[in-house]
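K.L.:
Just a sequence and a predicted model for now, questions to come.
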Amino acid sequence: SHVTGQRGGPTIWNTYDLIPIQALANRCRARGVGPKQLTNEVAEEIYAELEKEAQRAMRRAIAWLAELPNDDNVPQALVPSLNNTELPLTSGASRRVVPPVAIGFQYLIELYLAQISEGKTKLRFGKRLREVPTGKIGKARVKNIKGALLWLWHGLVVMNLAASNRAFDPTCLADENLVLDLVEACAGGELGPVSDTQTRRDRVNVVISFLDWHSPGFSARIPSGLFDSTYIGRKTDEDTENRQMKRNACLNFIHDAELQRRFFLMPKTFYDQAMPTIDCFDQHFRADGNGLSKKQNRALELGILAALAAINTLFPARLITINQFRASGPNPNVRFPEDNRSGCLVLDIPGHIVKNGANAAGVQLRPNSSVSPREILRWYLDKVHPLVLRFKHKHANLRQPELLFTGLHTDTIRRYWACHVASIGLTVTPHMCRHYAASLLLHNGASMADVAVFLGISEKVAAKNYAFVSRAQKIQSMMDVQASIYRGVQL
């Protein structure tokens, strides 16, 4: 409250800055560590337990907290006992640095990306090489493919098959040994920080497709046993830190009624915070007339999140899918039936905007005693949507009035979510809503097959991701039986 200006002082940190601070506070709270007890030693212990992304956030939090002793606006009794200069947390995470790409190889990358972006590929029919149209791929996929090809270039340089300061010789791409040499170089750390086996496997698949495009028939010369290698083999039984975090979060959610309540009340929380400013929006412009005030920006972001949370806390579609919902036009994905006495909001989700192509028609989002998705979405479309369309796009050609979120980038919405969800004491991401929903349904008796249909994934994938729920229930059931045995023998 002191650093955000709620006590009358200046605003030192905005809501977005509070995200890493809030995450660190939650970890300290779990350890029973108070503000003054957060020393360098405790911070280093917490840091050592985190995965890379969380470590980056903690480095930012530590750096900002270390500046507070010099700020008179914050009571020193609340300031942690940190010395930023002594912490090893301030150095940036190591990253792979790709050598400058030779013009010849850069040309091949651009030509390949242009062809696959347009939805074209070359296939060999007998002795003839013919071009076949395929479906276009998205920008995110193009970015990933380009990253894999730069990984290939890095390997070529390390193996002395190419260099930034000499003409590129494309004949080096025809040798099938190149793929294994590249994988071994990466696994050995010659290309910088060692990536995990799944990332390496995905890159190898991209590289082989590229080399097959460059030298038709290349993939046929790659032994299928390559993918059984420990360098790129799938470790299906490996329990990664990310899986552990997801599992622990879901198990905590299904056993914490208060957390569930706060989660399902998110739409109303955001709506209640945004509505007062939205209702008198014109009264809050900046005095100098130069754009929106912080209060107006915050209200628009909260309005967007109220609409999003009204959908994905009940029907957890992927954010990238919800961001393609049409709210107007001939076939809107969000409908308000006039003859619907139950007050439902109806979603019609076509397969072409869903990752696995699984459509969901006539999905009814029912109101409860606290939250009405229909009322929140109606309010959003009537009052917030026009303002978002007007003020949240820097360029007019980016505005898409028929879309629910007017064409805002998915990463922008994700940033809004991270900022404001942290401010109400939750750490859930938009995608984590899917995991929460699946875990809660399974815990309350839903079958794995039904949960798979609900999420739009295969039953095999659902079982792989959520088997821990039934496993935890069975273990707890046996522990209860064991406890009754102890009581029977008066222990």
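P.N.:
Sure, I can see it. Residues are numbered from 1 along each chain as shown.
K.L.:
For the longest helix seen in the chain, which residues meet the burial criterion?
P.N.:
For the chain, the helix with the greatest residue count under DSSP state H is helix 459-488. Neighbour-count burial for helix 459-488, counted by 16 or more other Cβ atoms under 10 Å, picks out A462, N465, Y466, F468, V469, A472. To be clear about C-beta, it is placed using only N, CA and C from the backbone, and glycine gets the same treatment.
K.L.:
next one: stretch 363-379
P.N.:
Using 16+ other Cβ under 10 Å as the test for burial, stretch 363-379 gives V363, Q364, L365, P367, V371, S372, P373, R374, E375, I376, L377, W379.
K.L.:
Can you check the distance spanned by stretch 205-222, start to finish?
P.N.:
One end of stretch 205-222 sits 11 Å from the other (Cα to Cα, to the nearest Å).
K.L.:
distance between it and the chain's centre?
P.N.:
Once both centres are worked out by Cα atoms, centre = their mean, to the nearest Å, stretch 205-222 turns out to sit 31 Å from its chain's centre.
K.L.:
go on, stretch 146-154?
P.N.:
23 Å.
K.L.:
Pull up the gap between the most centrally placed residue in the chain and R390, please.
P.N.:
In the chain, the residue lying closest to the centroid (Cα atoms, centre = their mean) is H431, at 6.3 Å. According to Cβ to Cβ, to the nearest Å, H431 stands 29 Å off from R390.
K.L.:
Helices of the stretch 151-300 of the chain, residue ranges please.
P.N.:
Using DSSP state H, counting those that start in this stretch, the helices of the stretch 151-300 of the chain run over residues 177-187, 197-214, 241-254, 257-264, 266-279, 294-312.
K.L.:
rewinding a little: is it true that the residue nearest to the centre of the chain touches R318?
P.N.:
Yes: at 6.9 Å, H431 and R318 qualify as touching, with contact defined as Cβ atoms under 8 Å.
K.L.:
quick one on the thing from earlier: from the buried residues of stretch 363-379, which land in helices?
P.N.:
P373, R374, E375, I376, L377, W379.
K.L.:
which of these lies closest to A114?
P.N.:
Nearest to A114 out of these is L377 (Cβ to Cβ; 40.0 Å).
K.L.:
mind checking pLDDT for L365?
P.N.:
At L365, the model reports a pLDDT of 94.
K.L.:
Is it correct that it is in contact with P373?
P.N.:
Yes: using Cβ under 8 Å, L365 is in contact with P373, at 4.1 Å.
K.L.:
joint contacts of the two?
P.N.:
Counting by Cβ atoms under 8 Å, 6 or more residues apart in numbering, the residues touching both L365 and P373 are A310, I311, L314, C344, L345.
K.L.:
Can you tell me which of those residues has the most neighbours?
P.N.:
Compared across these, A310 has the highest neighbour count, 27 neighbours, by other Cβ atoms under 10 Å.
K.L.:
what's the distance between that one and G303?
P.N.:
A310 is 11 Å from G303, by Cβ to Cβ.
K.L.:
any weak-confidence spans in the stretch 201-350 of the chain?
P.N.:
233-241 (pLDDT under 70).
K.L.:
Strands of the stretch 51-200 of the chain, start to end?
P.N.:
120-125, 128-133 (DSSP state E, counting those that start in this stretch).
K.L.:
Of those strands, flag the one that's most buried.
P.N.:
strand 120-125 (a mean of 12; mean count of other Cβ atoms under 10 Å).
K.L.:
So the closest residue to E459 other than its chain neighbours, which state does it fall into?
P.N.:
Leaving aside its sequence neighbours, E459 sits nearest to A452 (Cβ to Cβ, 6 or more residues apart in numbering; 4.3 Å). At A452 the chain is in helix, as set by DSSP: H, G, I helix; E, B strand; the rest coil.
K.L.:
Run through the residues that contact A452.
P.N.:
A452 sits next to S458, E459, V461, A462 when contact means Cβ under 8 Å, 6+ apart.
K.L.:
Identify the residue spatially nearest to the third one, adjacent ones excluded.
P.N.:
The shortest distance from V461 to any residue that is not its chain neighbour, by Cβ to Cβ, 6+ apart, is 7.2 Å, and that residue is A452.
K.L.:
could you measure the one you found against R434, distance?
P.N.:
Using Cβ to Cβ, we find A452 at a distance of 12 Å from R434.
K.L.:
what's the answer for L82, then?
P.N.:
Taking Cβ to Cβ as the measure, L82 falls 37 Å from R434.
K.L.:
again with E338
P.N.:
For E338, the distance to R434 - Cβ to Cβ - is 31 Å.
K.L.:
Quick check: phi and psi on the nearest residue to I103 once chain neighbours are set aside?
P.N.:
Counting by Cβ to Cβ, 6+ apart, F168 is the residue found nearest to I103 once chain neighbours are left out, at 7.3 Å. For F168, the backbone dihedrals are phi -80, psi 130 (criterion: degrees, to the nearest 10).
K.L.:
Make residue 1 into 43 and carry on from there
P.N.:
Let's use 43 as the start, then, which means that last one is F210.
K.L.:
who touches F210 in this structure?
P.N.:
F210 touches A144, I145, G146, F147, A204, counting by Cβ under 8 Å, 6+ apart.
K.L.:
quick one: which of those residues is most hemmed in?
P.N.:
Tallying neighbours with other Cβ under 10 Å puts A204 at the head of the contacts of F210, with 24 neighbours.
K.L.:
can you give me the strands for the stretch 343-492 of the chain?
P.N.:
Under DSSP E, counting those that start in this stretch, the stretch 343-492 of the chain gives strands at 376-377, 387-391, 402-407.
K.L.:
Run the chain-centre distance for the first one.
P.N.:
What that stands for is strand 376-377. Computed by Cα atoms, centre = their mean, the chain-centroid distance of strand 376-377 equals 26 Å.
K.L.:
go on, stretch 300-319?
P.N.:
21 Å.
K.L.:
distance between the ends of it?
P.N.:
The first and last residues of stretch 300-319 sit 28 Å apart, counting by Cα to Cα.
K.L.:
now do stretch 266-286
P.N.:
Chord length of stretch 266-286, first to last residue, is 32 Å (Cα to Cα).
K.L.:
Surely I353 touches L407?
P.N.:
Yes: applying Cβ under 8 Å, one finds I353 in contact with L407, separated by 6.9 Å.
K.L.:
Identify the contacts common to those two.
P.N.:
Jointly contacting I353 and L407 under the rule Cβ under 8 Å, 6+ apart are L389, P415.
K.L.:
that older thread, so which of the strands of the stretch 93-242 of the chain comes closest to Y528?
P.N.:
Across the strands of the stretch 93-242 of the chain, closest to Y528 is strand 162-167 (Cβ to Cβ), at 65.8 Å.
K.L.:
where do the helices sit along the stretch 43-192 of the chain?
P.N.:
Going by DSSP H, counting those that start in this stretch, the stretch 43-192 of the chain shows helices at 60-73, 82-90, 94-107, 145-160, 181-200.
K.L.:
hey, least reliable of these by pLDDT?
P.N.:
helix 94-107 has the lowest average pLDDT among the helices of the stretch 43-192 of the chain, namely a mean of 74.
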